Each structure stands twice: as structure tokens, then as C-alpha cells.
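Enquirer: I'd like to go over a predicted model; first the sequence, then the structure.
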Amino acid sequence: MENEGHKISRAEFERNLLEKLDDPHFLEDIKPLLAVDASHNLHRAADFFMTDLASLIPGEPWQGKAQKPKKS
């Protein structure tokens, strides 16, 4: 995106991810991208990302109404 002159803030990225986690179509679209025999918990992975990786993105975190994914 940066190569094309588009920038997204940390807050925008976090908001977008949290909204997608509430979208049943998005959750269904992800399934074919995962290994068939892999056990996964999308919300646990999203929580890890939001807690451990998103903090590495420069900028302020999302402060909106969307909740962080629940730990399972």
C-alpha cells in the first residue's frame, strides 16, 4: 500500500480487523486458506495479533466501540 501512496494508521488497521472478525462472510472466506488438518482458533490468533503484534505498528491504538476478540 505504501508503494502506491496509501497509508493506514494502526487504529484504522485494528478497527478493520475487529470488524472483520464480526463478519460471518469474512470468517467463511478464511477457511479455505487454512491447512485442512490444522486446528485453529481465529479469535485466539486475532487476540495474539492485537496484543503482541499490532503494538509494533506505529501510531495510536483503536479506541472505538469494537471489543478485542475474546480469548478461547
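Expert: The structure has been received and is ready for your questions.
Enquirer: drop to CA atoms for contacts and neighbour counts, all remaining ones
Expert: Fine.
Enquirer: below-threshold pLDDT in this structure: ranges please.
Expert: 1-2, 38, 65-72 (pLDDT under 70).
Enquirer: output the longest helix belonging to it.
Expert: Ranked by residue count under DSSP state H, the longest helix found in the chain is helix 10-21.
Enquirer: off-centre distance for that helix?
Expert: 6 Å (CA atoms, centre = their mean, to the nearest Å).
Enquirer: give the buried residues for it.
Expert: Neighbour counts using 16 or more other CA atoms under 10 Å place 10-11, 14-15, 17-18, 21 of helix 10-21 among the buried residues.
Enquirer: show me what it is packed against.
Expert: helix 24-30 (3 or more CA pairs under 8 Å, 6 or more residues apart in numbering; DSSP states H and E).
Enquirer: name the residues that touch the helix it packs on?
Expert: For helix 24-30, the surrounding residues in contact (CA atoms under 8 Å, 6 or more residues apart in numbering) are 20-21.
Enquirer: and the most centrally placed residue in the chain, how far from Leu53?
Expert: Closest residue to the average C-alpha location of the chain: Leu17 at 3.4 Å, with CA atoms, centre = their mean. Here the criterion is CA to CA, to the nearest Å. By it, Leu17 lies 13 Å from Leu53.
Enquirer: give the intersection of the neighbour lists for these two.
Expert: By CA under 8 Å, 6+ apart, no residue touches both Leu17 and Leu53.
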